[in-house]
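J.: Give me the fold of what follows.
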Amino acid sequence: MKNADKKTLTVQKKKKVRIGIIGTGMLGNAVGLHLLKSGFDLTVYNRTKEKTNELKNSGAKVVDSPKSVAENSELIIIVVKDADAVKKIAFGKNGIVKGRHAGLTVADMSTINPVESKKISKKFLKYKIIKLDTPVMGGPNVAITGDLVLMGSGDKKTFDRFKNVFKKIANKIFFLGGDGTAHLVKLSMNLQITMLALALSEGITLVRSAKVDPKIFLDILNSTYFKTGMSENKAYKMIHNEFDATFTLANLKKDISTITDTAKSFGVNLPMIKKAEKIYADAVKNGFGDIDYTGILAYIKKTNSS
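T.: Take a look at the predicted model:
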């Protein structure tokens, strides 16, 4: 092989994937900052343009529509509220499909109903765009360092094509199978988060009612088999009324409603998550939606003082 050919091959190997992000809230912003730091070219769009400022200042190209993101990207990562938002930015006016080109792939990092996800994937295929499901576990605090846990599903060959990107985003990757599977598992994970936050909140509330220091309760819990990452970390902030949001209570309530809708789609009765849905809905109605989801403790405290 001639030296010129070797140089061309080296350049091709080193060439970074052009990435787009649609949805630059807390998670999308943190993922984008880490990708920029990792050397990727990044194009971003958010409905509220001010939320792209940090990414712009870090070197991202900010555009005015999902269409423009598609035109400038090989892989688009979507991080939006729900399935309706995904459909709007994908197929609406100046949506992703308007900027389609050969090889364009969409990775949906949103938390959505797996039944809806399958329908969206089929519609993308009509435009010769492959959609992957790539929801993650972990908040912006771990996304900023590339330490998320990523669940993937969809076309395996396409997933493997972009695995170098996913390895930058996450330190653990699980490929789970066909369309919608990763979103189903993600919802099942958020069901665990819901129940753990409620269990900790009620345990803390109960020991406080007897004038027992909740730190003692947590120290004992964390010396047993029943400890969790939440009880070892966030719970100590909870007892000091520190609820700075990495994932808001309102967003978790939205996901809980998606869990109950998904359960209906699969003909499954999940009695506890139905009860949790009402508790979280009441907390949002009472003004607790913008704090961290562990702020459900503050809501329970209020119900006991009223």
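
J.: Now for N29, how many residues are close by?
T.: 25 (other C-beta atoms under 10 Å). Glycine gets a C-beta too; all of them are placed from N, C-alpha and C.

J.: check contacts around it.
T.: K51, E54, L55, P140 (C-beta atoms under 8 Å, 6 or more residues apart in numbering).

J.: In the chain, mark out all the strands, start to finish.
T.: 19-22, 42-45, 61-62, 75-78, 105-108, 130-133, 136-137, 148-152, 170-175 (DSSP state E).

J.: Just send these back as TSV, with mean neighbour count and mean pLDDT too.
T.: Compiled in TSV, the strands of the chain are given as follows (neighbours: other C-beta atoms under 10 Å; pLDDT from 0 to 100):
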stretch	mean neighbour count	mean pLDDT
strand 19-22	29	98
strand 42-45	25	97
strand 61-62	18	97
strand 75-78	26	98
strand 105-108	26	98
strand 130-133	25	98
strand 136-137	22	96
strand 148-152	23	98
strand 170-175	16	97
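
J.: out of those, which comes closest to T205?
T.: strand 136-137 (26.7 Å; C-beta to C-beta).

J.: Please name the strands paired to that closest one in the sheet, noting orientation.
T.: Strand 136-137 pairs in its sheet with strand 148-152 (antiparallel), by DSSP bridges.

J.: so how far is the strand it pairs with off the chain centroid?
T.: Strand 148-152 sits 9 Å away from the centroid of its parent chain (C-alpha atoms, centre = their mean, to the nearest Å).

J.: try stretch 251-268
T.: That offset, for stretch 251-268, works out to 16 Å (C-alpha atoms, centre = their mean).

J.: got the CA positions of it in PDB?
T.: Provided in PDB are the C-alpha atoms of stretch 251-268 (Å, rounded to 0.1, in the frame of the first residue of the first chain):
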ATOM      1  CA  ASN A 251     -40.800  14.100  35.000                       C
ATOM      2  CA  LEU A 252     -40.900  11.000  37.100                       C
ATOM      3  CA  LYS A 253     -44.700  11.400  37.400                       C
ATOM      4  CA  LYS A 254     -44.900  11.600  33.600                       C
ATOM      5  CA  ASP A 255     -42.900   8.400  33.300                       C
ATOM      6  CA  ILE A 256     -45.100   6.700  35.900                       C
ATOM      7  CA  SER A 257     -48.100   7.500  33.800                       C
ATOM      8  CA  THR A 258     -46.300   6.000  30.800                       C
ATOM      9  CA  ILE A 259     -45.600   2.900  32.900                       C
ATOM     10  CA  THR A 260     -49.300   2.500  33.700                       C
ATOM     11  CA  ASP A 261     -50.300   3.000  30.100                       C
ATOM     12  CA  THR A 262     -47.800   0.500  28.900                       C
ATOM     13  CA  ALA A 263     -49.000  -2.000  31.500                       C
ATOM     14  CA  LYS A 264     -52.500  -1.600  30.000                       C
ATOM     15  CA  SER A 265     -51.100  -2.200  26.500                       C
ATOM     16  CA  PHE A 266     -49.600  -5.500  27.700                       C
ATOM     17  CA  GLY A 267     -52.700  -6.500  29.700                       C
ATOM     18  CA  VAL A 268     -50.800  -6.500  33.000                       C
END
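
J.: how about it: buried residues?
T.: N251, L252, K253, K254, D255, I256, S257, T258, I259, T260, T262, A263 (16 or more other C-beta atoms under 10 Å).

J.: which one of those sits closest to V86?
T.: Closest to V86, out of all of these and judged by C-beta to C-beta, is T258, at 12.2 Å.

J.: Find the nearest non-adjacent residue to the closest one, please.
T.: In space, and not counting its chain neighbours, T258 is closest to N113: 5.4 Å by C-beta to C-beta, 6 or more residues apart in numbering.

J.: surely the one you found meets K87?
T.: No - applying C-beta atoms under 8 Å as the test, N113 and K87 come out as separate, 11.7 Å apart.

J.: sorry, back to before: out of the buried residues of stretch 251-268, name the two that are farthest from one another.
T.: Farthest pair in the buried residues of stretch 251-268, by C-beta to C-beta: N251 and A263, 19.0 Å.

J.: Just give me the neighbour total for the residue nearest to K128 when sequence neighbours are not counted.
T.: Among residues not flanking K128 along the chain, R100 sits closest, at 6.9 Å (C-beta to C-beta, 6+ apart). When counting by other C-beta under 10 Å, one arrives at 16 neighbours for R100.

J.: for R100, what are its contacts?
T.: Listed by C-beta under 8 Å, 6+ apart, the contact set of R100 reads A70, Y127, K128, I129.

J.: All good on my end, thank you.
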